[in-house]
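S.K.: Next input, structure requested:
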Amino acid sequence: MLVYNATKQQFIDDVRANVISDAIENEVARRLNRNSPRGEVTSWENSLRFMMSVLLDEGIPASAGVAIEYNIPLTNRRVDFILTGKNHQRDDAAVIVELKQWQSVEVTKKDAIVRTQLGGGVRETNHPSYQAWSYGALIEDYNETVRSESIRLVPCAYLHNMKQADAINDPFYEHHTSRAPVFISQDALKHSEFLSQHIKYGDSNDIMYRIEHGVIKPSKNLADALASMMQGNAEFLMIDEQKLVYETAIDLAHRAEKGDKQCLIVKGGPGTGKSVVAINLLVELTKREMMTQYVSRNSAPREVFKKKLTGTRKKTHIDNLFKGSGSYVNAEPDTFHALIVDEAHRLNEKSGMYQNLGESQIKEVIAASRFSIFFIDEAQRVTLKDVGTVEEIQRRAAECGANVHELELASQFRCNGSDGYLAWLDHALQIRTTANTDLEDIDYDFQVFDDPSAMRRAILEKNRKANKARMVAGYCWPWASKKDKHAMDITFPEHGFAAQWNLHDDGMLWAVAEDSVEQVGCIHTCQGLEFDYVGVIIGDDFVIRDGRVVTDAGKRTGQDRSVHGYKKMLKEQPEHARALADQIVKNTYRTLMTRGQKGCYVYATDPETREYFAAFARSQAATERLDASEDAEILDGLHLPIVTRDQAAPFERHVPVYDLSIAAGEFSEMQIAEAEHWVELPDFMRVSPDLFVSRVVGESMNRRIPNGAWCLFRMNPGGTRQGKVVVVQHRAIEDPDHGGSFTIKLYQSEKIEEYGEFVNQRIVLKPQTNAFGYKDIVLEDELEDLKVIGEFLSVL
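M.R.: The predicted structure follows:
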């Protein structure tokens, strides 16, 4: 998604007119449904003025494209500034510019990490060259159109407030600055020269539109990429906070080798890349000959990882890499160089089958290693015995004499990169109040089913493509099939639905086992793993009553160990027990409903609960049905939101639709006011009062405009028309496609000088077609009667 898109000249005009920040702020509010902090608006005003000065270089064509705040697919990361056009070889190119207002930086000893003033203090962050390069690499990785159409991506950074370049261009960062040069205040002319080297000609091929609407490649699955990662291949590109966490962990591991025990706590929600960073650290630290293990309380991800590595390593080697959290009860102090604890929120107080060994799993991990790192999301604590909290880790680290460091992961890769879906889910589950009270504008497939069999059919269909769709449920049904393989566990006779819990034979490998899509998983077999689509059955432990969430852990089956001890706690501490169980139930469904990277389908056993979630889904569907309004038949093939004259926000969000045969002649205010249909333009197009949409019929321009295509035009254009495609009217014209006195053709004029001025002597209207029978229309008489009605801009 783009917040702003224009030509270089339009961008310069908007900056000079002091409207650029207002235009961006309004689009952020309209499209992203959020207000822009004053600091963000100020940064646009400042940085974009400097970019305007850089773009004043005449070597950069006026028709180059400018895009601001481009959202990278499947993430919540945005690129500050992109300049598009053609390079010297006339290849399509896009220069990615990372803008920073920094005044100074300090060099660190961490790869691609600098220290600068951020958020009221001096903090470590990515080197802007690495950030620009990684964003470009991420776009290329996710966007098949960029790769298949060979759009050249060129990264750079511009620190327009920085006076000294010594630190930012320190030789330590040469690997990154060589891939993405960084320019400071005094480098404005060098920056202009760099841009003109890569953008020699204008953007005539709608490059940003093609990037924005390109074919998006699905996110990678960590388990599938594991074997390649263990061989040292960079399967996952680490960006922003992920890179900082990774480099900080490497640095702390080396510092711990020299004596001081180190502990790093990394907070992050679903899909922020916790497990990706954890596995990358396991590979790198092992390669550096440090004795390192990946640790988790939940065995499901460990067993899946081991399964994926089978055949690539010896079993003993694999087993030594992946361990359960209870493995360090009797470990000698500092046995390991590093222990990497994933899903640390799931750690228990004690270890052993009967939870009677040791003092604290957290303390045992810290004691057993010189460096320990805990990846944690407290909102995924899903059993009464989960004690993994930031506070508890801090306390145990102090007991062990470890230096504690804290970082947070925010980059979002799950749920189609939609922070909006996660925020809405917290709102819907009533975990916390958020601004995301609906699913409007959220690019995530959320559906609610009245029939569990229909949901199962939908999941089966999604699973056919890549075996990455599964059904899961709250643990509200006894596991009868554990003893009787023919018994059904979850049944809804009224819907003809019967299914078993994940097969005992599959164990913790249910998520990747063949044909396991037929079974239903639970929190214990899917936490820490991911699918493309997840179907969630919500049981009676979570219901809606009069709009409020009511949870009841007593509705869970007695076999569910996650609420073991609840009844006893309820007698001894009723208020505490209910509050803790309420959190566990909500966290369970939050975790289940975020396992799908592309979509979540829901069936709730309780009708009122179904209706509660269905209302959100209907709201989303209603928004998406704008394209299918009654006007769709009238405007067949115009796949844009269509509204009536009364519903339109003229030239703020909508532009009029005209029939060219009626519109021929100059447009009047009356014509504009009486336009019956108005459309909302695609996000990348900037609305202005001189735009209109019309349909082009015929084959005379089929190399540029397909027969029947809906197109965007600029009415009554001024300036030169030479070489442009225009709509013209003249009494001598008889268009071969529709017989009218107007036509759409490529405009070419021949001028002569008379009395010191150049005037048209001859105008040639040229078809651009591969169809037979079309000829140039040549006008030599009464040229003053020729009216240029509109200029063709693009096919919609």
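
S.K.: The worst-scoring helix or strand of the chain on mean pLDDT: what's the following helix or strand?
M.R.: Ranked by mean pLDDT, DSSP states H and E, the helix or strand of the chain with the weakest confidence is helix 669-673, at a mean of 47. Of the helices and strands lying after helix 669-673 in sequence (DSSP states H and E), the nearest is strand 677-680.

S.K.: partners of that next one in the sheet?
M.R.: The strands beside strand 677-680 in its sheet (DSSP bridges) come out as strand 642-644 (antiparallel), strand 654-656 (antiparallel).

S.K.: and Tyr589, how many neighbours does it have?
M.R.: Tyr589 has 27 neighbours, counted by other C-beta atoms under 10 Å. Quick note: C-beta positions are derived from backbone N, CA and C, even for glycine.

S.K.: what stretches of the chain score poorly on pLDDT?
M.R.: Scanning the chain with the threshold set as pLDDT under 70 gives 1, 30-34, 218-219, 411-418, 441, 619-634, 660-674, 683-684, 737-740, 753-759.

S.K.: re earlier: what's the most buried one of the strands paired with strand 677-680?
M.R.: strand 654-656 (a mean of 25; mean count of other C-beta atoms under 10 Å).

S.K.: packing partners for the strand or helix carrying Val404?
M.R.: Following DSSP H and E, one finds Val404 within strand 403-409. If you count contacts as 3 or more C-beta pairs under 8 Å, 6 or more residues apart in numbering; DSSP states H and E, strand 403-409 packs onto helix 241-257, strand 262-268, helix 390-400.

S.K.: let's go with 7 Å and repeat that
M.R.: helix 241-257, strand 262-268 (3 or more C-beta pairs under 7 Å, 6 or more residues apart in numbering; DSSP states H and E).

S.K.: May I have the shortest one exported as CSV, CA atoms only?
M.R.: This points to strand 262-268. Taking Å, rounded to 0.1, in the frame of the first residue of the first chain, the C-alpha atoms of strand 262-268 are listed here in CSV:
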residue,chain,number,x,y,z
GLN,A,262,24.9,-12.5,30.5
CYS,A,263,21.1,-12.8,30.2
LEU,A,264,19.0,-11.4,27.3
ILE,A,265,15.2,-11.1,27.5
VAL,A,266,13.5,-10.6,24.1
LYS,A,267,9.8,-9.7,24.1
GLY,A,268,7.7,-10.1,21.0
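
S.K.: Give me the residues contacting that strand.
M.R.: With contact meaning C-beta atoms under 7 Å, 6 or more residues apart in numbering, strand 262-268 is reached by 245, 248-249, 252, 255-256, 274, 366, 371-377, 390, 393, 397, 402-409.

S.K.: relative to helix 241-257, how tilted is the helix or strand that it is followed by?
M.R.: As assigned by DSSP H and E, the chain's next helix or strand after strand 262-268 is helix 274-287. In terms of direction (axes from the mean of the first three to the mean of the last three C-alpha atoms, to 10 degrees), helix 274-287 departs from helix 241-257 by 40 degrees.

S.K.: Report the angle between helix 274-287 and strand 262-268.
M.R.: Using the same axes, to 10 degrees: helix 274-287 against strand 262-268 is 150 degrees.

S.K.: Following helix 274-287 in sequence, what is the next regular element?
M.R.: strand 292-296.

S.K.: Run me through the strand neighbours of that next one, direction for each.
M.R.: In the sheet, strand 292-296 lines up with strand 322-324 (parallel), strand 336-341 (parallel) (DSSP bridges).

S.K.: For that strand, what is the distance to the chain centroid?
M.R.: 29 Å (C-alpha atoms, centre = their mean, to the nearest Å).

S.K.: swap in stretch 447-460?
M.R.: With C-alpha atoms, centre = their mean, you get 26 Å for stretch 447-460.

S.K.: cool, stretch 462-481 as well?
M.R.: For stretch 462-481, the distance to the chain centre is 26 Å (C-alpha atoms, centre = their mean).

S.K.: quick one: contacts of that stretch?
M.R.: With C-beta under 7 Å, 6+ apart as the test, stretch 462-481 has contacts from 221, 456, 459, 487, 489-490, 500-501, 511, 517, 520-523, 526, 531-542, 555-557, 559-560, 562, 588-589, 592, 595.
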